[in-house]
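[1] next one to model:
(2 chains)
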Amino acid sequence: DTGVSQDPRHKITKRGQNVTFRCDPISEHNRLYWYRQTLGQGPEFLTYFQNEAQLEKSRLLSDRFSAERPKGSFSTLEIQRTEQGDSAMYLCASSSGQGAREQYFGPGTRLTVT
Amino acid sequence: DAKTTQPPSMDCAEGRAANLPCNHSTISGNEYVYWYRQIHSQGPQYIIHGLKNNETNEMASLIITEDRKSSTLILPHATLRDTAVYYCIVRVDSNYQLIWGAGTKLIIKP
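    The predicted model follows:
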């Protein structure tokens, strides 16, 4: 078990560019979550997948944000036309659907928009 | 989900027990209490959760008051590696998202 992995770990981009992040959950976990965290704050929920279905989206997920999990395994989070306010840590978590309640987090992707 | 209140920061001496309080006075009967921690520049780490009864695992103990309006996370023998931000969260099982506050920054001192 290698845990939840995220790629890249750091991304610096210019305002207006598009960026895409990848998350690989723990292999047997069918639930996957994306969160965003700014300095000094707790994580904020963005979206949730059960297998390939996106079941819940936060109002924080503007139309510039899109997430996919095409085969129910890895997931991607894309931000189009990035803004400086998008600078944050983007966290991915996964959990089992077998009554387990804990979510396991990856190391995060730190995005800096200049 | 109910809101939680935690002190912004706490210190504890290495080797002593660290007791982290959390108030959740509006908790409802079907909400669980969860604790996570986040070491600097890492993703959050699950510690423990409970509903009514006290719980213990290899990392910590969770003490929930009888009225469930508050709880305490206990790290029995704190080490320098326990320095982190500790988050207390209450959640209904059917809600998949976790709603986080600002947490308690715990500093373990040698």
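
[2] residue nearest the centroid of chain A?
    Geometric centre of chain A, nearest residue: A:Trp34, 3.4 Å, by CA atoms, centre = their mean.

[3] now do the strands in the chain.
    Since you didn't name a chain, this refers to chain A. Here chain A has its strands, by DSSP state E, at A:5-7, A:10-13, A:19-24, A:31-37, A:44-50, A:53-57, A:65-68, A:75-79, A:88-95, A:104-105, A:109-113.

[4] my bad, chain B
    Assigned strands in chain B, in chain order: B:9-13, B:18-23, B:31-38, B:45-50, B:55-56, B:61-64, B:70-75, B:84-92, B:104-109 (criterion: DSSP E).

[5] list the strands paired with the fourth one, with their directions.
    Sheet partners assigned to strand B:45-50 using DSSP bridges are listed as strand B:31-38 (antiparallel).

[6] with just CA atoms, put the partner strand into CSV.
    Coordinates of each C-alpha in strand B:31-38 appear next as CSV, following Å, rounded to 0.1, in the frame of the first residue of the first chain:
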residue,chain,number,x,y,z
GLU,B,31,-22.9,13.0,14.4
TYR,B,32,-19.5,11.4,14.9
VAL,B,33,-16.5,13.2,16.4
TYR,B,34,-13.4,13.0,14.3
TRP,B,35,-9.8,14.0,15.0
TYR,B,36,-7.2,14.7,12.3
ARG,B,37,-3.8,16.3,12.5
GLN,B,38,-1.6,18.1,9.9
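
[7] how far off centre is it?
    The chain centre lies 5 Å from the centre of strand B:31-38; the measure is CA atoms, centre = their mean, to the nearest Å.

[8] for the one residue in chain B that gets nearest to chain A, list the residues it contacts.
    Among all residues of chain B, B:Trp100 sits closest to chain A, at 2.8 Å; criterion: CB to the nearest CB. (Glycine included, C-beta is placed from N, CA and C.) Neighbouring residues of B:Trp100 by CB atoms under 8 Å, 6 or more residues apart in numbering or on different chains: A:Gln41, A:Gly42, A:Pro43, A:Glu44, B:Tyr87, B:Ile89.

[9] ok, now with 6 Å
    By CB atoms under 6 Å, 6 or more residues apart in numbering or on different chains, B:Trp100 lies in contact with A:Gly42, A:Pro43, B:Tyr87.

[10] skipping its backbone neighbours, what lies nearest the second one in space?
    Excluding the flanking residues, the one nearest A:Pro43 by CB to CB, 6 or more residues apart in numbering or on different chains is A:Tyr35, at 3.8 Å.

[11] return the distance of the one you found relative to B:Thr26.
    For A:Tyr35, the distance to B:Thr26 equals 23 Å [CB to CB, to the nearest Å].

[12] out of these two, which sits in the more crowded spot?
    Comparing A:Tyr35 with B:Thr26 by other CB atoms under 10 Å in any protein chain shown, the one with more neighbours is A:Tyr35, at 27 against 12.

[13] what's the burial count for the nearest residue to the residue nearest to the centre of chain A once chain neighbours are set aside?
    Of all residues not flanking A:Trp34 in the chain, A:Leu46 sits nearest, at 4.3 Å (CB to CB, 6+ apart). Close neighbours of A:Leu46, defined as other CB under 10 Å, add up to 22.
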